[in-house]
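K.L.:
A structural model of the following input is requested.
(one chain, ligands or ions: 1)
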Amino acid sequence: MITLYTMERDYPYGTLRSTNGCKSKVVLEEKSIDYQIVGVRPGDVWKKLPEVLAKHPLGKVPWIEDGELTVYDSTVINEYLNEKSDHAPLLPQDVALRAKARALENYADEGVLSKFLPMIWMPWWAPEEQRDRDAMQKGRDGLVREIFPFLEGALGEQDYLCGEFSLADVPMMSVAMVLEVDGMDSSSFTTVSDYFARLRSRPSYQAITPSNSCADTAHLLNKN
Ligand SMILES: N[C@@H](CCC(=O)N[C@@H](CS)C(=O)NCC(=O)O)C(=O)O
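P.N.:
This next block holds a predicted model:
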């Protein structure tokens, strides 16, 4: 069985999860691979404890263990999981479309998950009175200015970024999760808000929705 090491924590306002950890959780669910979660304490990650660095040389989550093998970085983990199991392939057959899926996945990682999303997401892990409201608004403004228009164009008439659900859509599941907690309104971008609704209706989203606690999702593992 695969063990996914990630950060998840229950708060009165919902369960908060590592956005990159969610990417790998979604792929484990989509591909119906047996797994268990081991929670890594956020403090151990921020302090870069030797135990964390021994598994992930940059001292981040997620990483997975599959027997003797340790794999870190959500993109690399997801490619590994996709190749490990033939069930529900998450990359297109066509070589050009496969490159496009990887490029869109990279756009989401660099343009959203490491850029605007943390401005909104990091403050949620602190008590309400300590949250940096200006930073949160800058993150939302960035999504509206750069990301939503890009997504409208990339989606066009399609349900998913490369037609069928693929690795390109996986980071956007984490965006849908953060925006569910935040309550940010994306309704002026109809294509984007319909897309987020479509992502949230996938059974794999049950493993990352803020409405399901850590205990709920431990129980859910691949029961969708
Ligand atoms: N490229 C990495 C990014 C991992 C990452 O930034 N993880 C965050 C949690 S979502 C983290 O561990 N941050 C702690 C830190 O950067 O010190 C991936 O895709 O897994």
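K.L.:
Near the ligand, which residues of this structure are found?
P.N.:
18-20, 45-46, 59-62, 73-75 (CB under 6 Å from any ligand atom). Just so you know, the C-beta spots here come from the backbone N, C-alpha and C atoms, and that holds for glycine as well.
K.L.:
make it 8 Å
P.N.:
7, 18-21, 23-24, 45-46, 48, 56, 58-62, 72-77, 109, 113-114, 118 (CB under 8 Å from any ligand atom).
K.L.:
Narrow those to those in strands?
P.N.:
residue 72 (DSSP state E).
K.L.:
Just the buried ones from the residues of the chain next to the ligand?
P.N.:
Among the residues of the chain next to the ligand, the ones that count as buried by 16 or more other CB atoms under 10 Å are 7, 18-21, 23-24, 45, 56, 59-62, 72-75, 77, 109, 113.
K.L.:
Domain ranges for the protein, per the record?
P.N.:
The chain breaks down by automatic domain parsing into domains covering 2-89+210-220, 95-204.
K.L.:
Let me have the ones you listed in a markdown table, adding mean pLDDT as columns.
P.N.:
Shown next, in a markdown table, are the domains of the chain (pLDDT from 0 to 100):
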| stretch | mean pLDDT |
| --- | --- |
| domain 2-89+210-220 | 95 |
| domain 95-204 | 97 |
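K.L.:
At which residues are the strands of the chain located?
P.N.:
So, for the chain - with DSSP E - the strands run 2-6, 8-11, 14-17, 35-39, 63-66, 69-72.
K.L.:
Can you check which of these gets nearest to residue 153?
P.N.:
Closest approach to residue 153 among the strands of the chain (CB to CB): strand 14-17, 28.9 Å.
K.L.:
Other residues contacting that closest one?
P.N.:
6-9, 25, 121, 124-125, 177, 181, 208, 210-214, 217 (CB atoms under 8 Å, 6 or more residues apart in numbering).
K.L.:
distance of the residue lying farthest from the centre of the chain from residue 212?
P.N.:
Seen from the C-alpha centroid of the chain, the residue lying at the greatest distance (CA atoms, centre = their mean) is residue 129, 26.3 Å away. Using CB to CB, to the nearest Å, residue 129 is found at 27 Å from residue 212.
K.L.:
can you give me the helices for the protein?
P.N.:
Counting by DSSP state H, the chain has helices at residues 19-30, 42-46, 50-55, 74-84, 95-108, 117-121, 133-142, 148-155, 170-182, 190-200, 214-220.
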